[in-house]
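**Q** Output the structure for:
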Amino acid sequence: MKIKYLRLKNWLLVTVMGMFGLSSCHCHKEAAKTEEPKAPAMQPREEIRLMYGVPTMNFMIRGQVKDADGRPVKDIRVNMLERGMEVQNGELQGDPERMQLWLEQNAAKTDKDGNFVINNSGMPREEVRLMVRDVDGVENGEYKNQVLEVKVKQGDVDRTGAGGWNQGTFKKEVEIKLENK
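**A** Numbering: from 1, shown residues only. Prediction:
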């Protein structure tokens with residue numbers, strides 16, 4: 001009798017909430033349990049959870065920048081481009097002041113051994129584009145700006161700590177060869 005009362009109460013509550021546009025994103029199994037035996041062929045229903053948000057992935061890209069002779073190059077800036085950013089003739093397109101500010105704030109700079117590390121997060125994607133720029137002039141040579149595409153393969157994604165909207169961490173090591181101007 002108590003179970004029938006709970007079912008009626010839940011039905012009435014859901015009906016009233018539905019009329020006012022209210023709903024739930026979480027199924028409560030306790031309220032839906034019955035004492036009736038289950039048929040042997042039936043599998044228990046899995047709980048369905050709905051979430052609101054945007055999938056994200058962490059990106060950790062390590063690398064080394066070298067010249068055409070294989071020597072490390074310091075003071076080279078490496079940026080991970082966001083979706084929709086376009087590059088033409090080695091230059092980022094859009095509002096020049098805004099783009100320059102973004103390039104400066106989001107750049108990894110190579111050390112004396114040519115090493116850099118990019119830590120970023122964003123929407124999961126099939127490839128990551130890196131923009132490599134020589135910004136120090138002739139001090140260590142002059143090199144062309146270039147954009148490299150790094151494929152995101154499932155084997156390069158660490159799923160430790162992933163869950164919900166977090167898709168894990170893409171970890172990749174790259175070696176970049178610069179071209180002389």
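**Q** mind checking which helix or strand of this protein has the lowest mean pLDDT?
**A** When each helix and strand of the chain is scored by mean pLDDT, DSSP states H and E, helix 29-32 comes last, with a mean of 50.
**Q** where does this protein dip in pLDDT?
**A** For the chain, the stretches with pLDDT under 70 are 20-51.
**Q** where do the strands sit along it?
**A** Taking DSSP state E as the test, the strands found in the chain are 56-66, 76-80, 87-88, 91-92, 107-109, 115-122, 127-134, 146-151, 157-158, 166-177.
**Q** any chance of these in TSV, plus distance to L6 and mean neighbour count?
**A** C-beta here means a position set from N, CA and C on the backbone, and glycine is covered the same way. Formatted as TSV, the strands of the chain follow (distance: least, Cβ to Cβ, whole Å; neighbours: other Cβ atoms under 10 Å):
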stretch	distance to L6	mean neighbour count
strand 56-66	39	18
strand 76-80	53	22
strand 87-88	61	10
strand 91-92	61	17
strand 107-109	58	16
strand 115-122	44	15
strand 127-134	52	19
strand 146-151	53	14
strand 157-158	44	15
strand 166-177	36	16
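**Q** Please verify my assumption that I176 contacts G63.
**A** Yes - using Cβ atoms under 8 Å, I176 is in contact with G63, at 6.0 Å.
**Q** Give the residues shared as contacts by these two.
**A** Counting by Cβ atoms under 8 Å, 6 or more residues apart in numbering, the contacts common to I176 and G63 are V78.
**Q** these two touch, right, V117 and M60?
**A** Yes - assessed by Cβ under 8 Å, V117 is found in contact with M60 at 7.2 Å.
**Q** What is the neighbour count of V14?
**A** By the criterion of other Cβ atoms under 10 Å, V14 has 13 neighbours.
**Q** ok, back up a step: overlap of the contact sets of V117 and M60?
**A** Joint contacts of V117 and M60 (Cβ under 8 Å, 6+ apart) do not exist.
**Q** And the nearest residue to W165 once chain neighbours are set aside, how far from V16?
**A** Closest residue to W165 apart from its sequence neighbours, by Cβ to Cβ, 6 or more residues apart in numbering: G53 at 4.6 Å. Between G53 and V16 the computed distance is 29 Å (Cβ to Cβ, to the nearest Å).
**Q** thinking again about what came up before, and the residue nearest to W165, backbone torsions?
**A** G53 adopts backbone torsions of phi 160, psi -160, taken as degrees, to the nearest 10.
**Q** Is it in contact with Q167, as I believe?
**A** No - between G53 and Q167 there is no contact under Cβ under 8 Å: 11.7 Å.
**Q** Only alpha carbons, please: show stretch 63-71 as PDB.
**A** Provided in PDB are the C-alpha atoms of stretch 63-71 (Å, rounded to 0.1, in the frame of the first residue of the first chain):
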ATOM      1  CA  GLY A  63      58.800  20.300 -27.300                       C
ATOM      2  CA  GLN A  64      62.100  21.500 -28.600                       C
ATOM      3  CA  VAL A  65      62.700  24.100 -31.300                       C
ATOM      4  CA  LYS A  66      65.800  23.600 -33.500                       C
ATOM      5  CA  ASP A  67      67.300  25.400 -36.500                       C
ATOM      6  CA  ALA A  68      67.900  23.700 -39.800                       C
ATOM      7  CA  ASP A  69      71.300  22.400 -38.600                       C
ATOM      8  CA  GLY A  70      69.700  20.800 -35.500                       C
ATOM      9  CA  ARG A  71      70.900  23.300 -32.900                       C
END
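**Q** Having no further points to raise, I will conclude here.
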